[in-house]
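[1] How does the following fold in three dimensions:
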Amino acid sequence: MDFGSRTHGHGRMSSVDSDHEMPMHARRPSAPHSLGHRLSRRKESMQHVHPKPPLTPNSTSMPQSMTNPLLPSAPTSPPTPAPSPTPHQRSPTAWPPSLDDTEDSLMEEARHIFNRLSTTAKENWLRSFVDMCDNHSLSFLHHIVSPKLKKDPFHALPPEMCYKILEFIDDPKTFVRASQVSRRWREILSDDQAWKTLCEKHAYRRMSTDSIGSNLNTSASASQILYGHLRSASPNRVPDSMSAIDESPEGAPVSPQTTLTTDSSRRNKKARPRSTHRSHFKHRYLVESAWRKGGKVTPKHITPDQGVVTSLHLTRKYIVVALDNAKIHVFNTKGDHQKTLQGHVMGVWAMVPWDDILVSGGCDRDVRVWNMVTGTSVHTMRGHTSTVRCLKMSNAKTAISGSRDTTLRVWDLTTGLCTNTLMGHQASVRCLQIHGDLVVSGSYDTTAKIWSISTGQCLRTLQGHFSQIYAIAFDGQRIATGSLDTSVRIWNPQDGSCQAILQGHTSLVGQLQMRGNTLVTGGSDGSVRVWSLLSNQPIHRLAAHDNSVTSLQFDDTRIVSGGSDGRVKIWDTNTGALIRELCQPAEAVWRVAFESERCVVMASRGGRTIMEVWDFTPPAEVGDVEDEDGPLEMRGFAAQEGDEEMIDAEEEIDGGGSMLEAYSTGEDESEDMTD
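    Below is the predicted model of the structure:
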């Protein structure tokens, strides 16, 4: 037995010795498996080591009786709910002191070994560990690994690449929310280059360097847009030679106080800090949101008696309204009455403003020049023998009028004299448009003519319509004419050839506006049509009104139409969708004019002529909250869209429709009294 036991022990020692004599690569086939094997053996040995249980008191070591420390009246202690766990059920109260040190040394060795492994070996080892993990361990692993795999592109990429990424963001709400992710994101999104890109995507282009982000008009008025090319050619729009127009009513020179006020206003204008693309975008975004839902309306009663509004102009400083009762009312842009220009003895049917100058004409055959600051008539120019039906200004010194006497006259506003008479039409001149030195006139004789203002020569005669021409548009490259024959014709002003015939209306086409490669037409059939001048095809067909379209204006964003059904509607220029109805039901809508932040509606309601001034300017308290450490915030930036439209008119007023229908079709009843 002893020999056998020694032999057994010797054999084991021999095996150990032989193991020591083996080469290193044969003894440890792989570092990961050896380390794992040693860890598993260590855990097995730990499972068989139990700490020595503490002594359990028995009955012999405890006293037989104990004195009750409680008073006789005290309640007894509650019974123990469960017996105490046995020593074998308790967790070990103490581990061998060398176990923590052993694990630390093993983990340290494992980290060193892992760092020395190749990429493939690391992947295999990690895969083996993942295979041994349960769901809880995998979830814990995912929680640790996922954040380490995330990379912030705005931290990893240069600013130029970040701006390129931002070009793909169209939604401004997403743009603003992204600025709240981190300081780096806020730094990138606060850069003006990012907001410039967003302005370009939404076509929020600057109109002037000092109007961005302010509460002033951010775009030029209709007359400024129409004559902008001429103003650039003549920077002094009101020349010094027009002393009669600039004089005060008494003819006294300008006071020093007025000069001081003007100089002060100029200094304040120069001192205004330049706005950023960010503030410009926010301002325009709030304005567009107000157009879709919102805006403040101010109703005004123009006159106690019923009057037909024959002309309406909205400029940077004024709202000018002409009526068939021979009166011209001048308001500021908020709708406050400033002046009433009285001098015509019959209805005013044409007028055109230019800064503080107004030229008007009507059934009394006179053409008058007014100073809207003083409200005085500067010149009364006579020469026409019938109603003056249309008026335009080519510059601050020259006006052209068209009359039912078949002629056009060119007037010098500084002297009040007629410098030229353009003769050639065989019937009433109904409409005209100016571009540079050229004027195009449309007549009831079914023709349109192109004239040179400087020489008075007729350059082209455009023939093709079968009935009277009621509307004309001219941008220097194309001429569009609308006629009673229900068609719209596009002409080449260079050779006078007809390039296209646009058909679709079923009645008189009395409203035309051309902007770039887009033409919008309105007819007495109540429809509004949007045409592409590149393909000469309709883009949108809008069933706008139940009766004649009496007023029409559009820009790159919206179309505003007014009809004799008493409604004013706003349409999306790009999609043709109805955005909203703007005003309360009325008996008739005479005229509508708008610019970027304001819209004026002239209507007949309750037997009275009403002016509604809509203001879409954001309130002053709506602004940026941008602290040094705070997030970028735009209060009111995310305006609600898709709101309920205003209630449609439930009744149609039958009375008073004869004058409106005559006006919308061009058969002016009041004009018959003059011929």
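[2] switch to C-alpha atoms for all contacts and neighbour counts from now on
    OK.
[3] Can you report how many residues neighbour Gly307?
    Other residues lying near Gly307 total 22 when counted by other Cα atoms under 10 Å.
[4] what's the answer for Leu432, then?
    Residues near Leu432, counting by other Cα under 10 Å, number 26.
[5] now the closest residue to it other than its chain neighbours: how far from Ile469?
    Nearest in space to Leu432, with sequence neighbours left out and distances taken as Cα to Cα, 6 or more residues apart in numbering, is Ser441 at 4.2 Å. Distance of Ser441 to Ile469, given as Cα to Cα, to the nearest Å: 9 Å.
[6] shared neighbours of these two, which are they?
    Common contacts of Ser441 and Ile469 (Cα atoms under 8 Å, 6 or more residues apart in numbering): Arg430, Cys431, Ala448.
[7] How about the contacts made by the second one?
    Spelled out, it's Cys431. Arg389, Cys390, Gly402, Ser441, Gly442, Ser443, Ile469, Tyr470, Ala471, Ile472.
[8] Please name the residues that touch Asp445.
    His425, Gln426, Ala427, Ser428, Ser467, Gln468, Ile469 are the contacts of Asp445 under Cα under 8 Å, 6+ apart.
[9] among these, which are in strands?
    Using DSSP state E, Ile469 are the members of those that sit in strands.
[10] which pair in the contacts of Asp445 spans the largest distance?
    The most widely separated members of the contacts of Asp445, counting by Cα to Cα, are His425 and Ser467 (14.0 Å).
[11] The two - which one has more neighbours?
    His425 (21 against 18).
[12] Quick check on Lys196: phi, psi?
    Torsion angles at Lys196 (phi, psi; degrees, to the nearest 10) stand at phi -60, psi -40.
[13] can you count the residues close to it?
    Per other Cα under 10 Å, the neighbour tally for Lys196 reads 19.
[14] Quick check: it vs Lys282, distance?
    Using Cα to Cα, one gets 11 Å for the distance from Lys196 to Lys282.
[15] repeat for Gly294
    16 Å.
[16] Which of those two has more residues huddled nearby?
    Comparing Gly294 with Lys282 by other Cα under 10 Å, the one with more neighbours is Lys282, at 24 against 17.
[17] Point me to the helix or strand that includes the more buried one.
    Per DSSP states H and E: Lys282 is located in helix 277-292.
[18] One more: His112?
    In the assignment (DSSP H and E), His112 maps to helix 98-116.
[19] Kindly tell me how buried the nearest residue to Thr506 once chain neighbours are set aside is, as a neighbour count.
    In space, and not counting its chain neighbours, Thr506 is closest to Thr486: 5.6 Å by Cα to Cα, 6+ apart. Applying other Cα under 10 Å, we find 22 residues neighbouring Thr486.
[20] Contact partners for Thr486?
    Gln503, Gly504, His505, Thr506, Ser507, Leu508, Val509.
[21] Give the buried subset of those residues as a PyMOL selection command.
    Buried residues within the contacts of Thr486, by 16 or more other Cα atoms under 10 Å, are selected in PyMOL with:
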select buried, resi 505+507+508+509
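[22] Just the ones of the contacts of Thr486 in helices?
    Judged by DSSP state H, helices contain none of the contacts of Thr486.
[23] Now flag whichever of the contacts of Thr486 is closest to Thr575.
    Here the nearest of the contacts of Thr486 to Thr575, counting by Cα to Cα, is Gly504; it sits at 19.0 Å.
[24] hang on, the closest one packs against Ser487?
    Yes: contact criterion Cα atoms under 8 Å: Gly504 and Ser487 qualify, at 7.3 Å.
[25] Identify the residue nearest Ala577 in space, chain neighbours excluded?
    Spatial nearest neighbour of Ala577, chain neighbours left out: Trp571 (5.6 Å); criterion: Cα to Cα, 6+ apart.
[26] Tell me the strands beside the helix or strand that contains that neighbour, with direction?
    Per DSSP H and E, Trp571 falls inside strand 568-572. Using DSSP bridges, strand 568-572 pairs in its sheet with strand 558-563 (antiparallel), strand 578-581 (antiparallel).
[27] what's the helix or strand containing Cys199 packed up against?
    Counting by DSSP H and E, the element that carries Cys199 is helix 192-201. Here helix 192-201 touches helix 159-166, helix 277-292, going by 3 or more Cα pairs under 8 Å, 6 or more residues apart in numbering; DSSP states H and E.
[28] what's the angle between it and helix 277-292?
    30 degrees (axes from the mean of the first three to the mean of the last three Cα atoms, to 10 degrees).
[29] Buried residues, helix 192-201. List them.
    So for helix 192-201, counting by 16+ other Cα under 10 Å, buried means Gln193, Ala194, Trp195, Lys196, Thr197, Leu198, Cys199.
[30] these two touch, right, the fifth one and Ile165?
    No: between Thr197 and Ile165 there is no contact, the gap being 10.8 Å when judged by Cα under 8 Å.
[31] Show me where the stretch 251-400 of the chain has its strands.
    Secondary structure of the stretch 251-400 of the chain (DSSP state E, counting those that start in this stretch): strands at 296-303, 309-314, 318-323, 327-332, 337-342, 348-354, 357-362, 367-371, 376-381, 388-395, 398-403.
[32] Looking at those, spot the one closest to Arg409.
    Closest among those, using Cα to Cα: strand 398-403, at 5.4 Å.
[33] what's the following helix or strand after the closest one?
    strand 408-412.
[34] hang on, Asp405 packs against Gly383?
    No: contact criterion Cα under 8 Å: Asp405 and Gly383 do not qualify, at 10.3 Å.
[35] Show me the shaky parts of the stretch 551-675 of the chain.
    For the stretch 551-675 of the chain, the stretches with pLDDT under 70 are 621-675.
[36] Could you look up the SS state of Val592?
    Judged by DSSP: H, G, I helix; E, B strand; the rest coil, the three-state class of Val592 is strand.
[37] list the contacts for it?
    Leu312, Ser551, Leu552, Gln553, Val560, Ser561, Gly562, Cys599, Val600, Val601, Met602.
[38] List the buried residues for the strand holding Trp571?
    Buried residues in strand 568-572, defined by neighbour count with 16+ other Cα under 10 Å: Val568, Lys569, Ile570, Trp571, Asp572.
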